[in-house]
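Participant: Quick one: sequence and predicted model below, then my questions.
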Amino acid sequence: MTEQFRRCEFVKPDASRCGAKPLRKRRFCFFHDPEVKSARDEARRSGGLERSRRAAVLPPDAPDIHLDSTKDVLRLLSETGSLLRRGQLDSGIANGLVYLCSVALTAMKQGPQEDQLDRMESVLESQQLTSELQKIEFVNPPGASGTAA
Ligand SMILES: [Zn+2]
C-alpha cells in the first residue's frame, strides 16, 4: 500500500479502526504508536516531577527582614544574590525580593518628599485661612452693622 493510503492500525474499544494518518514509516498514528506513547508518558512523568519539586526557600525560622535604610536594601540584595548563585533560593522568590527592594527604595525616596509636601500644605492652609478671615472682616467689619451706639 502506498504511503498516501495507509491508515493507523489501532483498533478502538468499539472494534473500529483509528483510521488517522500514521507516522512516517510506522503502523500507528502519533496518538497510538506505542513508542511515541512511552516517550510521551516519560515526558509527562518528568514534567510532573519538575512541578512537584519543592522551591528552594529559607527555613521558617529565618530572621525577619527590615528595610529601613538603603543599607538594609543593599544587604538584602547581596544576600539574595549569593543564595541564588548557590542554588539555595528559588528564582521566583529572588525576583519577589528584588521587587520588594525596588518598592522599598522608591518609598524611601518619596517619604521625605511627602513630609515636605505635607508641611507646605499646612503652611498654605494656615495662610489661606488667615486671608479668608481677613476677607470676612473686610466685608463685614465688627461694629459695621449700624447698631453701634
Ligand atoms: Zn491512531
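Facilitator: In hand now; what should we look at?

Participant: Are the helix or strand of the chain with the lowest mean pLDDT and the ion in contact anywhere?
Facilitator: Least confident helix or strand of the chain, by mean pLDDT, DSSP states H and E, is helix 34-52 with a mean of 82. No. On the criterion CB under 5 Å from the ion, helix 34-52 is out of touch with the ion, staying 10.3 Å away. Where you see a C-beta, it was placed from the backbone N, CA and C, and this is true even at glycine.

Participant: Would you tell me what the next helix or strand after that helix is?
Facilitator: Using DSSP states H and E, the helix or strand that follows helix 34-52 in sequence is helix 70-85.

Participant: Next secondary structure after that next one?
Facilitator: Using DSSP H and E, the helix or strand that follows helix 70-85 in sequence is helix 91-139.

Participant: counting contacts, what elements does that next one pack onto?
Facilitator: helix 70-85 (3 or more CB pairs under 8 Å, 6 or more residues apart in numbering; DSSP states H and E).

Participant: Just want the angle from the helix it packs on to helix 91-139.
Facilitator: Angle, helix 70-85 to helix 91-139, by axes from the mean of the first three to the mean of the last three CA atoms, to 10 degrees: 160 degrees.

Participant: What is the distance between helix 70-85 and the centre of its chain?
Facilitator: Helix 70-85 sits 19 Å away from the centroid of its parent chain (CA atoms, centre = their mean, to the nearest Å).
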